[in-house]
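Colleague: based on what follows, work out the 3D shape:
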Amino acid sequence: MILILTFTGWFGFSCMSTKNIPPKPDWLISRPVSIMDYIGIGSAPLTSDVNDYRQLAKKNALNDLAGEISITISNTSFLHKLAVNDVFNETFDSRTQTSIHENLEGYTLIGTFEDKTTYWAYYSLSKSTYQSLKQQRIQKALDNALSKFSMAMQYKSDFEYYNALVLFVKATEDIKPYLAEPLLTKYKNTEIYFGNELFNEILACFNALKIVPVKSKIAVKRGQMINDESLTFIVSDHTDRHVEGIPVLADFSGGGLINNKARSGKDGIVAFSIPKIRSKKNVENFEAKIDVATLLQDATNDFIIKKLLRNFGNKTVAVETTILNPVFYIETTENSFVKPTINELKEVCKETLIANACDFTENRAEADFVLTIVTDCRKTEEVNSVCKVNFTAEVTVQNQLGKTLYQRNVTDIMATQRNCEAAEKEADTKGKEYLKTRVMPDILTQLF
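Modeller: This is a model prediction of the structure:
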């Protein structure tokens, strides 16, 4: 009897629980399909805060609705002219879907449903209503863009290409959500596809600009600078009219370029310099091109627009740079009571210089650098047939004008032997090894 009552009680509770759950509406059982409306259904798990889960379900439903609004790239649109890659299209589509959601209006809440765990919301938006509201937004964006476009065209006719490009970019920013649309509109009583026209004018501005080096080939010795007279460029248009304010980006394959950005002045001139050439190659290239990234930064903060236009104006010009070996004149003086049979010190220096792409001369007037080394071996102590000798050296490097570029004193190189001749030979050997392995590399590092 007890078992029967227990079962009966459980069965009754189960039936009551089932009766408390309302049946699912048709729109949740089978998603509606409409040729007249966009549909959006979203859900959210129940929480203690009613407003929270209802707002989340609404957001998810509107996201779902926005996803039904497809993006088709018209063959008369800005994006079609640009022929952007698939990766960019994915990014653009994602940002556009976000924009569609943010601009959704005119939608209607059709119904909601809630069970013990989840809340659903169902929204509908008339396709004709959406298109009407969208056209109103497009027209507003076009009005703003056309105003900038008109000013840009005036700047272009006045050969003020920088101002024209900045305004063309700002016009692109105005119509960014609709870059895939044909944007048919009137300009100066003529119907135009605005996206096409805007693309063509931006491209025309960049194509009109050119950068010409004053010198197409230069030669410089390693360790010396390239001054701005050698790396001067002129920015002009297709009529050779000098153009002001265009940012230029430079690059030197040999490295060492400190400031790689500049803007053309009123005379169209832009110049660069390299403080010191370090390359060991025979030939390097100095390249210059319009700095599109800086120009875009001046015009907009929009990531999509920057990414969209970054490949415009990428023509590069180069100055062939021949790197000549620096020439050394070596002057050595060895003070010791055991005279060397050959000038070993000079040979040590030559060996190091040749290994590091340097030349040397016996004519001081022909040298770029004068390397002077004075060494001295002195007996410091002699006790009970034990002799101590100290090796010292004074090292200097000067340029053609006599300016000292490097100076170093070497001290504290000692040798101890049973006689002074052997001690001096050991000290001399240690000293020259130190000059070869420590001082000469230090000189090369400082100069180059």
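Colleague: going by C-alpha atoms from here, please, whenever you check contacts or count neighbours.
Modeller: OK.
Colleague: okay but residue 250 is in contact with residue 260, surely?
Modeller: Yes. Assessed by Cα atoms under 8 Å, residue 250 is found in contact with residue 260 at 4.9 Å.
Colleague: between these two, who's got more neighbours?
Modeller: residue 250 (20 against 15; other Cα atoms under 10 Å).
Colleague: shaky segments in this structure?
Modeller: In the predicted model of the chain, residues 1-20, 83-98, 337-342 satisfy pLDDT under 70.
Colleague: in which helix or strand would I find the most centrally placed residue in it?
Modeller: In the chain, the C-alpha closest to the average C-alpha coordinate belongs to residue 293, at a distance of 8.2 Å (Cα atoms, centre = their mean). According to DSSP states H and E, residue 293 maps onto helix 292-299.
Colleague: domain ranges for the chain?
Modeller: Per automatic domain parsing, the structural domains of the chain span 20-208, 210-290+314-324, 327-447.
Colleague: one step back: since we're on the closest residue to the residue nearest to the centre of the chain other than its chain neighbours, how many residues are nearby?
Modeller: Excluding the flanking residues, the one nearest residue 293 by Cα to Cα, 6 or more residues apart in numbering is residue 310, at 6.4 Å. Using other Cα under 10 Å, residue 310 is surrounded by 16 other residues.
Colleague: repeat that for residue 234.
Modeller: Counted with other Cα under 10 Å, the neighbours of residue 234 add up to 22.
Colleague: which phi and psi does the nearest residue to it once chain neighbours are set aside have?
Modeller: Spatially, and ignoring its direct neighbours in sequence, residue 234 is nearest to residue 269 (4.6 Å; Cα to Cα, 6+ apart). As for residue 269, its main-chain torsions (degrees, to the nearest 10) stand at phi -90, psi 140.
Colleague: contacting residues for residue 349?
Modeller: 330, 436, 440 (Cα atoms under 8 Å, 6 or more residues apart in numbering).
Colleague: wait, what's in contact with the second one?
Modeller: By that I understand residue 436. With contacts defined as Cα under 8 Å, 6+ apart, the neighbours of residue 436 are 348, 349, 352.
Colleague: all helices of this protein, in order?
Modeller: For the chain, applying DSSP state H gives helices covering 2-20, 26-29, 50-68, 78-82, 86-102, 127-157, 161-174, 194-208, 292-299, 303-309, 344-355, 420-434, 440-447.
Colleague: what is the fourth one packed up against?
Modeller: When you say that, I think you mean helix 78-82. Packing partners of helix 78-82 (3 or more Cα pairs under 8 Å, 6 or more residues apart in numbering; DSSP states H and E): helix 194-208.
Colleague: export the helix it packs on as PDB, just CAs?
Modeller: Taking C-alpha atoms only, helix 194-208 is exported to PDB below (Å, rounded to 0.1, in the frame of the first residue of the first chain):
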ATOM      1  CA  PHE A 194      30.000  57.600 -56.500                       C
ATOM      2  CA  GLY A 195      32.100  54.700 -55.300                       C
ATOM      3  CA  ASN A 196      33.600  54.300 -58.800                       C
ATOM      4  CA  GLU A 197      34.200  58.000 -59.200                       C
ATOM      5  CA  LEU A 198      35.800  58.300 -55.800                       C
ATOM      6  CA  PHE A 199      38.100  55.300 -56.500                       C
ATOM      7  CA  ASN A 200      39.100  56.800 -59.900                       C
ATOM      8  CA  GLU A 201      39.900  60.200 -58.400                       C
ATOM      9  CA  ILE A 202      42.100  58.700 -55.600                       C
ATOM     10  CA  LEU A 203      43.900  56.600 -58.100                       C
ATOM     11  CA  ALA A 204      44.400  59.600 -60.500                       C
ATOM     12  CA  CYS A 205      45.900  61.600 -57.700                       C
ATOM     13  CA  PHE A 206      48.500  58.900 -56.800                       C
ATOM     14  CA  ASN A 207      49.200  58.200 -60.500                       C
ATOM     15  CA  ALA A 208      49.800  61.900 -61.100                       C
END
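Colleague: brilliant, that's me finished.
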